[in-house]
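Asks: coords please:
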Amino acid sequence: MISDGLALSHFYSEMLQESTMQSVVTKVVDIILGPDWDDDDKVENQLANVRIQQLTDDFVIRVLEGLQNRPLKAYKFFHWVGKQSGYQHNTVTYNYVARVLAKMDSIEEFWSIEEMKSVGHELDLNTSIKISRQLQENRMMDGLHEHMMDSSYKPSVLDCIMLLKNIAESDEPVYDGILKSFTSAGKFDEAQIIVKTMTNAGYKPHKLTHNEIASGLCKLRRFEEASKVIDEMQACGCFTIRGVYMMVNDYEVIKTWKILIKGYCDAGELDKALLSLAKMIEQNLAGVDDDLFEVLVDALLTQGRIDGAYKLFLKLTGKYGIYIYQKLLHSRN
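Replies: Okay, here's the model as predicted:
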């Protein structure tokens, strides 16, 4: 009986504390939602006069919950609490406020909260999933992609499919930015999957995208794949009938061809290098300069194909005004 009495007394005490805390939470929320919020000094004075026995994570989360429909005010409260003596935000409050701020009218504040990672705070898996769903529901594809790329957790296949589907239904070419992110990160397999998905959905990615993928694959010495991408560029209309690339600067396309040709030369695949050169010439891309010519001639001479180097010399010197002949003459002597 004594034990039961102590348990009941303890339960009653907890109920009183709970009731007291909730009444303080309600008062704080009412102050923040009141008409004086634009007057920061006045509001902070009112908050300072509230008898908050102790700032705890539970208290902060309850207030944020009461402000979840007013994310900008929740953001201000979050910063006010962080400045109070004896209290410091942690991963728990950081995750909760991130959920509150992942909305259309507070996305900038959400990203500023993300900067708290610099002091060691990370979004947990449940928060990451919840934020992804919120951004999806609000059709915020830019934010969703950025969140996925920045998250510590690798998005699931379902998340990626959902992202691509929503992008395909979007009126804005958000996918161009996503493709650029993948190519910049060296994730060319993922980039090609997105290109295929967008093409199947009836969208044509920006022409520069193909060039970035091809160039990146060349730098990784994945020459066969790069050559295939370049062929796809021509097949999908990236070149006009005359062979001039209209949507991006010719220099970028020429640069990709040169990387491919030089890569083949470095790998000893001279026949493929010469075939790529022939394709480049057919497309009227005047990128056969002395540097590329010297690489080709040097590669041919290294393999002892002096006659081939001489024929290439005869074919290209008159057409492009290139006169890199010292190595050739030296070899024939």
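
Asks: Point out where the stretch 101-250 of the chain drops to low pLDDT.
Replies: Scanning the stretch 101-250 of the chain for pLDDT under 70 picks out 114-119, 125, 129, 132-181, 184-185, 194, 197-211, 233-250.

Asks: My guess is Trp84 contacts Phe59. True?
Replies: For residue 84 the amino acid is Gln, not Trp. No - using C-beta atoms under 8 Å, Gln84 makes no contact with Phe59, being 11.1 Å away. Where C-beta positions appear, they are placed from N, C-alpha and C, glycine not excepted.

Asks: Comparing these two, which shows the higher neighbour count?
Replies: Remark: of Gln84 and Phe59, Phe59 carries more neighbours, 20 against 13, as counted by other C-beta atoms under 10 Å.

Asks: Surely Arg305 touches Leu270?
Replies: Yes - counting by C-beta under 8 Å, Leu270 is a contact partner of Arg305 at 7.2 Å.

Asks: So if I had to pick from those two, which one is more boxed in?
Replies: Set Arg305 next to Leu270 and count neighbours by other C-beta under 10 Å: Leu270 wins out with 18 against 15.

Asks: How much space separates the more buried one from Gly82?
Replies: 65 Å (C-beta to C-beta, to the nearest Å).

Asks: same question, Ser276
Replies: Per C-beta to C-beta, Ser276 is found 59 Å from Gly82.

Asks: the more surrounded of the two?
Replies: Using other C-beta under 10 Å, the more surrounded residue of Ser276 and Gly82 is Ser276, with 23 against 14.

Asks: Tell me the spacing between that one and Ile113.
Replies: As judged by C-beta to C-beta, Ser276 and Ile113 stand 50 Å apart.

Asks: OK, contacts around Gln84?
Replies: Taking C-beta atoms under 8 Å, 6 or more residues apart in numbering as the criterion, Gln84 is in contact with Leu55.

Asks: and it, which of the three is it?
Replies: At Gln84 the chain is in coil, as set by DSSP: H, G, I helix; E, B strand; the rest coil.

Asks: Got the phi and psi for it?
Replies: The phi/psi pair for Gln84 (degrees, to the nearest 10) reads phi -80, psi 140.

Asks: Then Asn49?
Replies: The phi and psi torsions at Asn49 (degrees, to the nearest 10) take the values phi -80, psi -10.

Asks: same check, this time on Leu123
Replies: With angles defined as degrees, to the nearest 10, Leu123 sits at phi -70, psi 140.

Asks: Assess the claim that it and Tyr96 are in contact.
Replies: No - at 10.7 Å, Leu123 does not count as touching Tyr96 under the criterion of C-beta under 8 Å.

Asks: Compare the two (neighbour count), which wins?
Replies: Legend: neighbour count by other C-beta under 10 Å for Leu123 and Tyr96, higher for Leu123 (24 against 21).

Asks: How confident is the prediction for the residue nearest to Tyr96 when sequence neighbours are not counted, by pLDDT?
Replies: Spatial nearest neighbour of Tyr96, chain neighbours left out: Ile61 (5.1 Å); criterion: C-beta to C-beta, 6 or more residues apart in numbering. Reading off the confidence values, Ile61 has pLDDT 91.

Asks: Enumerate every residue touching Ile61.
Replies: Counting by C-beta under 8 Å, 6+ apart, Ile61 touches 92-93, 96.

Asks: measure Gly86 to Ile52 for me?
Replies: Between Gly86 and Ile52 the computed distance is 11 Å (C-beta to C-beta).

Asks: So for the two, which residue has more residues nearby?
Replies: Each of Gly86 and Ile52 has its neighbours counted (other C-beta under 10 Å); Ile52 has more, 19 against 6.

Asks: Val25 is in contact with the more buried one, correct?
Replies: No - Ile52 is beyond contact range of Val25, at 9.3 Å (criterion: C-beta under 8 Å).

Asks: Next, show the common contact partners of these two.
Replies: Shared contacts of Ile52 and Val25, defined by C-beta under 8 Å, 6+ apart, comprise Phe59.
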